[in-house]
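Visitor: this one's structure only:
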């Protein structure tokens with residue numbers, strides 16, 4: 001009789017575990033599928049935009065466009081103050097508890113702070129550029145003034161880009177991967193391409209300034225669309241709710257996460273920025289094309305991460321470590337398999353692909369291969385950063401990222417002046433290997449999650465912990 005009970009209990013537990021696995025797979029499939037579709041189309045449109053701009057503007061003006069957008073990216077991240085990542089983490093946890101007053105308060109406060117800081121950043125940037133006016137004194141003429149306008153147009157988009165990112169994070173936490181990404185991934189590049197093409201057809205002389213003005217207008221339109229979507233999505237739950245605020249706690253968390261975001265930004269974009277300062281905007285533009293292509297290697301992991309991030313936070317909040325491990329396994333293996341295919345493509349056809357930007361861009365082929373290998377290694381290491389952030393290990397992750405960022409900056413300063421694009425690519429890849437290796441060990445130790453796509457130790461853990 002006891003044996004029968006044990007067998008029944010074991011069967012129930014097995015059935016329960018099976019149903020949980022099915023649920024996780026279903027949610028990852030739905031969210032990951034939508035995220036993959038949006039990211040695939042969005043990445044294609046973004047690449048089409050870059051190719052079109054490179055062809056229409058020429059190497060020099062494209063270099064200015066790419067450099068300005070990189071500078072803007074660096075200026076947006078402190079304006080967000082880490083609230084983009086904090087929103088995903090906190091809203092996911094609040095939803096589990098049904099705490100809509102805190103959700104409403106968090107979204108309102110993060111937007112207030114983000115708007116204030118982003119306007120300040122934009123005004124400072126515009127003031128600096130106005131003082132540096134490259135056309136002053138008659139040197140450079142209209143081209144120099146156009147360069148000034150290009151920077152001002154880019155900086156003017158900072159507040160909208162900041163608020164759009166916060167809105168995207170809120171929808172991501174609500175598990176609306178489709179609506180979280182569509183305005184920025186799909187609509188904005190389509191509008192930018194459309195505006196630039198319309199101006200070109202109208203006979204307007206195209207340049208970096210005109211392209212960045214089109215980008216700023218497209219950003220404004222997509223911000224309005226995204227804000228309307230978010231209001232409709234959470235309006236029924238928050239309309240009659242009085243917001244609660246835990247501003248001090250939110251600021252402590254977001255400030256810590258901001259440091260991590262800054263380190264990620266340095267690791268991903270500092271080489272483009274330093275290339276512009278050390279070797280000129282033209283070479284920076286060539287290198288930027290290689291960087292943009294290399295990101296395609298790991299974009300599947302990024303796409304699935306839109307669904308995985310709130311799931312990781314939710315599983316950890318519930319204490320479901322087996323479920324957390326399954327989420328990491330599924331997303332990591334999908335991401336790495338895709339990365340391997342794209343990496344192989346670039347090895348064979350990378351030179352030809354760079355040629356779409358223009359004949360001059362094929363010079364970046366060796367750098368593309370090095371950068372692509374770094375992205376392949378990152379994909380193999382899986383969701384280590386996400387797991388650390390969503391499970392309270394962000395402070396330890398910060399130390400890892402700071403160390404890697406210092407290595408990255410030092411290598412860039414050492415290698416770019418003498419090796420140019422090749423030096424920037426080596427610096428980026430070496431720093432990626434450093435921080436991903438350390439982050440894998442970090443989350444393996446605590447909370448005890450293995451994020452590598454495949455590892456012998458994980459096979460052993462699966463036999464003991466039934467993580468499959």
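Guide: Yep, that arrived. Being a predicted model, the structure only gives us computed values, none of them experimental.

Visitor: going forward, measure contacts and count neighbours with C-alpha atoms only.
Guide: OK.

Visitor: At which residues are the helices of the stretch 351-468 of the chain located?
Guide: Listed in chain order, the helices of the stretch 351-468 of the chain (DSSP state H, counting those that start in this stretch) span residues 365-381, 384-390, 394-419, 421-445, 456-465.

Visitor: Can you check which of those helices gets nearest to residue 309?
Guide: Between residue 309 and the helices of the stretch 351-468 of the chain, the tightest spacing by Cα to Cα is seen for helix 384-390, at 6.4 Å.

Visitor: re the thing from before, now distance to residue 113 too, for the helices of the stretch 351-468 of the chain, in JSON lines please.
Guide: Supplementary listing: those in JSON lines, determined by distance: least, Cα to Cα, whole Å:
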{"stretch": "helix 365-381", "distance to residue 113": "32"}
{"stretch": "helix 384-390", "distance to residue 113": "22"}
{"stretch": "helix 394-419", "distance to residue 113": "22"}
{"stretch": "helix 421-445", "distance to residue 113": "30"}
{"stretch": "helix 456-465", "distance to residue 113": "42"}
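
Visitor: who wins for proximity to residue 225 among these?
Guide: Taking Cα to Cα as the measure, the helices of the stretch 351-468 of the chain were each checked against residue 225, and helix 384-390 came out nearest at 28.0 Å.

Visitor: remind me which residues of the protein are low pLDDT?
Guide: Screening the chain residue by residue with the criterion pLDDT under 70, one finds the ranges 1-36, 39, 133-144, 177, 306-307, 456-468.

Visitor: At the geometric centre of it, which residue sits there?
Guide: Within the chain, one residue has its C-alpha closest to the average C-alpha position: by Cα atoms, centre = their mean, that is residue 302, at 7.2 Å.

Visitor: Distance check, that one against residue 211.
Guide: In this view, residue 302 and residue 211 are 27 Å apart by Cα to Cα, to the nearest Å.

Visitor: Repeat that for residue 192.
Guide: Residue 192 is 8 Å from residue 211, by Cα to Cα.

Visitor: Next, the buried residues of stretch 403-415.
Guide: Judged by neighbour count using 16 or more other Cα atoms under 10 Å, the buried positions of stretch 403-415 are 404, 405, 407, 408, 409, 411, 412, 413, 415.

Visitor: Closest one of those to residue 379?
Guide: Using Cα to Cα, residue 404 is the member of the buried residues of stretch 403-415 that sits closest to residue 379, with 17.2 Å.

Visitor: ok, back up a step: give the buried residues for the one helix or strand the residue nearest to the centre of the chain maps to.
Guide: The secondary structure element spanning residue 302 is helix 299-318 (assigned by DSSP states H and E). Within helix 299-318, the residues that count as buried by 16+ other Cα under 10 Å are 299-317.

Visitor: Also stretch 244-262?
Guide: For stretch 244-262, the neighbour count (16+ other Cα under 10 Å) marks 244-245, 250-251, 253-262 as buried.

Visitor: Could you list which residues are in contact with residue 118?
Guide: When contacts are counted by Cα atoms under 8 Å, 6 or more residues apart in numbering, residue 118 touches 76, 79, 80, 158, 159, 162.

Visitor: I'd say the first one and residue 156 touch.
Guide: It refers to residue 76. No - here residue 76 lies out of contact with residue 156, judged by Cα atoms under 8 Å, at a distance of 11.1 Å.

Visitor: didn't residue 391 look like it was pressed against residue 446?
Guide: No - contact between residue 391 and residue 446 fails when scored by Cα under 8 Å: they sit 9.0 Å apart.

Visitor: Looking at those two, which is more packed in?
Guide: residue 391 (18 against 14; other Cα atoms under 10 Å).

Visitor: Give me the distance between that one and residue 172.
Guide: Using Cα to Cα, one obtains 17 Å as the distance from residue 391 to residue 172.

Visitor: Equivalent analysis for residue 191, please.
Guide: Residue 191 sits 23 Å away from residue 172, taking Cα to Cα as the criterion.

Visitor: Same question for residue 107.
Guide: In this structure, residue 107 and residue 172 are separated by 13 Å, where distance is defined by Cα to Cα.

Visitor: next one: residue 220
Guide: Relative to residue 172, residue 220 is positioned 20 Å away (criterion: Cα to Cα).

Visitor: So for those two, which residue has more residues nearby?
Guide: residue 172 (27 against 16).

Visitor: What helix or strand is the more buried one located in?
Guide: Take DSSP H and E as the rule and residue 172 turns out to sit in helix 158-173.

Visitor: List the contacts of that helix.
Guide: Residues outside helix 158-173 that contact it (Cα under 8 Å, 6+ apart): 72, 75-77, 79-80, 83-85, 87-89, 91-92, 107, 110-111, 114-115, 118-119, 121-122, 177, 179-181, 219-220, 223, 226-227, 230, 306-307, 309-310.

Visitor: Now that we have the contacts of residue 118, which of them are buried?
Guide: Among the contacts of residue 118, those classed as buried by neighbour count (16+ other Cα under 10 Å) are 76, 79, 80, 158, 159, 162.
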